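Asks: got a predicted model here, sequence first, then my questions.
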Amino acid sequence: MKRPLTLILLALLTTMSSIARAGDGPWGTFEKNTLNPGEMSQATPADFDLAFERVAIPSHDRRLDGFLVRAAASCQAAPALLIFHGRGETVADWIAVQKFLHDKCVSSLVFDYSGHGRSSPPGTIDNINDDSVAALNAFLKLFPAGGRRCLLSHSLGGGPLLYAATHGDTKPDCIIVASPFSSLRDIAIRGGAPEQAMLKLPDVWNNVDAASHLAIPLLWVHSRSDKTIPVDLGQRVYDAKQGTKASNVIDGFDHNAIYKEMPDAIWSPIIAFAKSK
């Protein structure tokens, strides 16, 4: 995320009239201004001298762009991560992470939602939900056996990830949510949007509810220093998950450290979780 999501939502959602313009759905302004950044960089894993495959994932009448990096053949039962990036990001923002994971014997597929990067527009909540299931299905076909197949989200990506995990026909082996939010409503209300106006909107990307239906092991990663999505909103997602789960709550890292700094304090528990049996 390039700016705090709370500020964006507050600017867009302070009144119902700013949302429901003629021809828009109830989240129309948010979708147009937040979920359609287009292509912001042409960087690829090749910039790190990393072999990769550019994949096209069908999602209804749209095509999603993605970078697939496989672990070296010498890696034993390498796990694979399907990465759901955050708001204002594209696959290009995650190529350093893919290099990092490759060097740790972890395969990865990162994809752009509709309206992001080279993926077909428009980026809407409904389209991105459909994209998430399409990407999950493609991911599971690309990695049919061997190591564990896990989903990893950052920030806004937690919404589509948890949608895919609860709506896809085939389930992955584990889920990692980094800096997740409890719901878009909660973020907007936390940012100062009128609660009564927000309660009139559809309750999309309610990650607390989605987490309560998960039967897959979950790892929650969050920094108490995160000023974009406060840690207590992520705590609600973690608390809702029943069954096998683990947490890695740390101090001293900002919201985007997971792909900009890639500290061991964040990544070591993620890799260990993905490789666990």
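Replies: Arrived safely.

Asks: does residue 51 touch residue 69 like I think?
Replies: Yes - counting by C-beta atoms under 8 Å, residue 51 touches residue 69, with 7.4 Å between them. Heads up, the C-betas are built off the backbone N, CA and C, glycines and all.

Asks: what's the following helix or strand after the helix or strand harbouring residue 258?
Replies: Residue 258 belongs to helix 257-260 when assigned by DSSP states H and E. Downstream of helix 257-260, the first helix or strand assigned by DSSP H and E is helix 264-275.

Asks: what's the nearest residue to residue 93 if we skip its chain neighbours?
Replies: Spatial nearest neighbour of residue 93, chain neighbours left out: residue 259 (5.9 Å); criterion: C-beta to C-beta, 6 or more residues apart in numbering.

Asks: what distance do you get for that neighbour to residue 49?
Replies: From residue 259 across to residue 49, the span is 19 Å (C-beta to C-beta, to the nearest Å).

Asks: over to residue 88?
Replies: Per C-beta to C-beta, residue 88 is found 27 Å from residue 49.

Asks: neighbour-wise, which of these two wins?
Replies: Using other C-beta atoms under 10 Å as the criterion, residue 88 and residue 49 rank with residue 88 on top: 19 against 7.

Asks: helix, strand or coil for that one?
Replies: When classified by DSSP: H, G, I helix; E, B strand; the rest coil, residue 88 comes out as coil.

Asks: how much space is there between it and residue 42?
Replies: 17 Å.

Asks: ditto for residue 247
Replies: Taking C-beta to C-beta, one finds residue 247 at 37 Å from residue 42.

Asks: the more surrounded of these two?
Replies: Shown here are residue 247 and residue 42; by other C-beta under 10 Å, residue 247 has more neighbours (16 against 9).
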